[in-house]
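In: below is the structure, and that's it, no one-letter string:
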């Protein structure tokens, strides 16, 4: 049995499958932005996790090793550098990582699947914050070459 995806009723495989299907049925607006952000962050976590992809949240030594690799690639800078090649917005998302945090709050206040996506996104942000070094630290994506080095660890 799979672990629940944060406080969501869904587990990670269910969430990925359900949200991918919703992409084809959701209208425009904030719900769709949430879907795009969720799918983009799943793809990013697939790259960070390496050959096995993102099908569970790392814990213990596995998480510590990934966090050390991410933080080594990222360096000590916590604030985004506008001159950097690192993105503050996933390529396939309509919102930046900072805007996504506000979107999470809005989605969690909605009913049904929108709430579930918000809860899943909250869990992803919490996990990525841990990997990046603490609360609010996940505010830029690693560059493709950095991602490759992290995944190859």
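Out: It's in. As the structure is a prediction and not an experimental result, all values here were calculated from the model.

In: now the helices for this structure?
Out: 12-22, 30-49, 60-74, 97-108, 112-132, 144-151 (DSSP state H).

In: from residue 130, how far off is residue 48?
Out: Here residue 48 is placed at a distance of 12 Å from residue 130 (Cβ to Cβ, to the nearest Å). Every C-beta, even on glycine, is put in place using the N, C-alpha and C of the backbone.

In: how about residue 96, nearest residue that isn't a chain neighbour?
Out: residue 89 (4.3 Å; Cβ to Cβ, 6 or more residues apart in numbering).

In: circling back: just put the helices of the chain in JSON lines and tack on distance to residue 5, mean pLDDT and mean neighbour count.
Out: Shown next, in JSON lines, are these (distance: least, Cβ to Cβ, whole Å; pLDDT from 0 to 100; neighbours: other Cβ atoms under 10 Å):
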{"stretch": "helix 12-22", "distance to residue 5": "5", "mean pLDDT": "93", "mean neighbour count": "17"}
{"stretch": "helix 30-49", "distance to residue 5": "10", "mean pLDDT": "94", "mean neighbour count": "20"}
{"stretch": "helix 60-74", "distance to residue 5": "16", "mean pLDDT": "94", "mean neighbour count": "15"}
{"stretch": "helix 97-108", "distance to residue 5": "13", "mean pLDDT": "94", "mean neighbour count": "18"}
{"stretch": "helix 112-132", "distance to residue 5": "5", "mean pLDDT": "96", "mean neighbour count": "21"}
{"stretch": "helix 144-151", "distance to residue 5": "22", "mean pLDDT": "91", "mean neighbour count": "16"}
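
In: any chance of a markdown table for these, columns distance to residue 4?
Out: As requested, the helices of the chain are exported to a markdown table (distance: least, Cβ to Cβ, whole Å):
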| stretch | distance to residue 4 |
| --- | --- |
| helix 12-22 | 9 |
| helix 30-49 | 16 |
| helix 60-74 | 17 |
| helix 97-108 | 15 |
| helix 112-132 | 9 |
| helix 144-151 | 26 |
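
In: which residues touch the spatially most central residue of the chain?
Out: Computing the C-alpha centroid of the chain and ranking residues by Cα atoms, centre = their mean puts residue 41 first, at 3.4 Å. By Cβ atoms under 8 Å, 6 or more residues apart in numbering, the residues touching residue 41 are 90, 121, 124, 128.
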